[in-house]
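Participant: Predicted model and sequence below, questions to follow.
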Amino acid sequence: MSGTLFVVATPIGNLEDITVRALRVLREASVIAAEDTRRTARLLARHAIDTPTTSVHEHNEAAKSPGLIARLERGENVALVSDAGTPTISDPGARLIREAISAGIRVEPIPGASAVIAAMAVAGLPSEPFSFHGFPPVRSKDRLKWFERVRTVAGTVVFFEAPHRIRRTLETLRQQVGDRQVVLARELTKVHEELVRGPISVVLEHLPAPRGEFTVVIDIGHQPDNAASEPPATGESKRSIIAALARTYGVSTNAVYEALERLRNSVD
């Protein structure tokens, strides 16, 4: 009987953010396949776990997967972890998982910390729908396609960005989607955790020091192309209409209310 490949979420910063089940799986596994064995060693030492580790990262995953599949087929359990958060979410592990599935091996998720969900939970932006888009590409051609795709997405968009590219990315976003409401989450769950909220233009003025990976949450707020020509839904309250306009144009509800009042007074 073959073993199980456990896909284990690990802390994204604070080493206490790991489940009891994840600790048990890491302790009982035959081997831990880790993106960086040195970083994983710190987590294991914190919780007195002495399970052996082997490295599986983007540069060696193709070479290491067959050996791990062989161990699984012999009945051993393997725990797959990344440096932080959930494997395969902008991290390695997808190839190993695909090969395990092809070999008929059970793949079991051990859920836990996620920078995407953590940022969404505190963003204060609409959560239905939202979509995750990984890192914007570095190459200009691929990067342009990425922004063009994000521009057409409805709802809230979440993505990661490197500190040295965050300013350029925000400036491009403002050009593509307007001065939308955005939340920058830096160093989530760590000692120097920082959240910056507001329209993109304001956030650019108060951009945190370029240290640590950013999780970006932005309310794209798109409606279908023909939505502007359609009348508002009957029964909508004045408050809900003002809130919708504020989301669409990336301003506060007070600003919308004041603009409407000025318009009404100019007509009277």
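Facilitator: That came through fine.

Participant: Which secondary structure state is assigned to the most centrally placed residue in the chain?
Facilitator: In the chain, the residue lying closest to the centroid (Cα atoms, centre = their mean) is residue 116, at 3.0 Å. Secondary structure, DSSP: H, G, I helix; E, B strand; the rest coil: residue 116 is helix.

Participant: thought it was touching residue 134?
Facilitator: No: with contact defined as Cβ atoms under 8 Å, residue 116 does not reach residue 134; the gap is 9.8 Å. No exception for glycine: its C-beta is placed from N, CA and C like everyone else's.

Participant: got a list of what residue 15 touches?
Facilitator: Going by Cβ atoms under 8 Å, 6 or more residues apart in numbering, residue 15 touches 42-43, 46.

Participant: cutoff 7 Å now
Facilitator: By Cβ atoms under 7 Å, 6 or more residues apart in numbering, residue 15 lies in contact with 43, 46.

Participant: And the strands in this protein, which stretches?
Facilitator: Secondary structure of the chain by DSSP state E: the strands cover 4-8, 31-34, 53-55, 78-81, 106-110, 130-132, 156-161, 181-186, 194-199, 214-219.

Participant: Would you mind finding the most buried of those strands?
Facilitator: strand 78-81 (a mean of 27; mean count of other Cβ atoms under 10 Å).

Participant: just checking, what packs against it?
Facilitator: strand 4-8, strand 31-34, helix 61-73 (3 or more Cβ pairs under 7 Å, 6 or more residues apart in numbering; DSSP states H and E).

Participant: Rounded mean pLDDT for it, please.
Facilitator: Here strand 78-81 scores 97 as its mean pLDDT.

Participant: Can you tell me the strand partners of that strand and which way each runs?
Facilitator: strand 4-8 (parallel), strand 31-34 (parallel) (DSSP bridges).

Participant: Measure how far the shortest one is from the centre of its chain, please.
Facilitator: When C-alpha coordinates are averaged (Cα atoms, centre = their mean, to the nearest Å), strand 31-34 and its chain have centres 23 Å apart.

Participant: what about it, average pLDDT?
Facilitator: pLDDT averaged over strand 31-34 gives 97.

Participant: Can you give me the distance of the nearest residue in space to residue 39 that is not next to it in sequence to residue 97?
Facilitator: Spatial nearest neighbour of residue 39, excluding adjacent residues (Cβ to Cβ, 6 or more residues apart in numbering): residue 83 at 5.1 Å. For residue 83, the distance to residue 97 equals 17 Å [Cβ to Cβ, to the nearest Å].

Participant: Kindly report the same for residue 217.
Facilitator: 27 Å.

Participant: Ok, residue 143 next?
Facilitator: On the measure of Cβ to Cβ, residue 143 and residue 97 end up 28 Å apart.

Participant: ok so, going back, between the strands paired with strand 78-81, which gets nearest to residue 150?
Facilitator: strand 4-8 (27.0 Å; Cβ to Cβ).

Participant: what about the helices in the stretch 101-250 of the chain?
Facilitator: Along the stretch 101-250 of the chain, counting by DSSP state H, counting those that start in this stretch, helices occupy 115-123, 140-151, 166-177, 200-205, 238-249.

Participant: would you put the C-alpha positions of the first one in PDB?
Facilitator: To tie it back to what came earlier, the one meant is helix 115-123. What follows is helix 115-123, C-alpha atoms only, in PDB (Å, rounded to 0.1, in the frame of the first residue of the first chain):
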ATOM      1  CA  ALA A 115      -0.800  35.400   3.100                       C
ATOM      2  CA  VAL A 116      -3.600  35.700   0.600                       C
ATOM      3  CA  ILE A 117      -6.400  35.000   3.000                       C
ATOM      4  CA  ALA A 118      -4.800  36.900   5.900                       C
ATOM      5  CA  ALA A 119      -4.500  40.000   3.800                       C
ATOM      6  CA  MET A 120      -8.100  39.700   2.500                       C
ATOM      7  CA  ALA A 121      -9.400  39.200   6.000                       C
ATOM      8  CA  VAL A 122      -8.200  42.600   7.200                       C
ATOM      9  CA  ALA A 123      -8.400  44.600   3.900                       C
END
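
Participant: could you list every residue that touches residue 43?
Facilitator: Counting by Cβ under 7 Å, 6+ apart, the residues that residue 43 touches are 10-11, 15.
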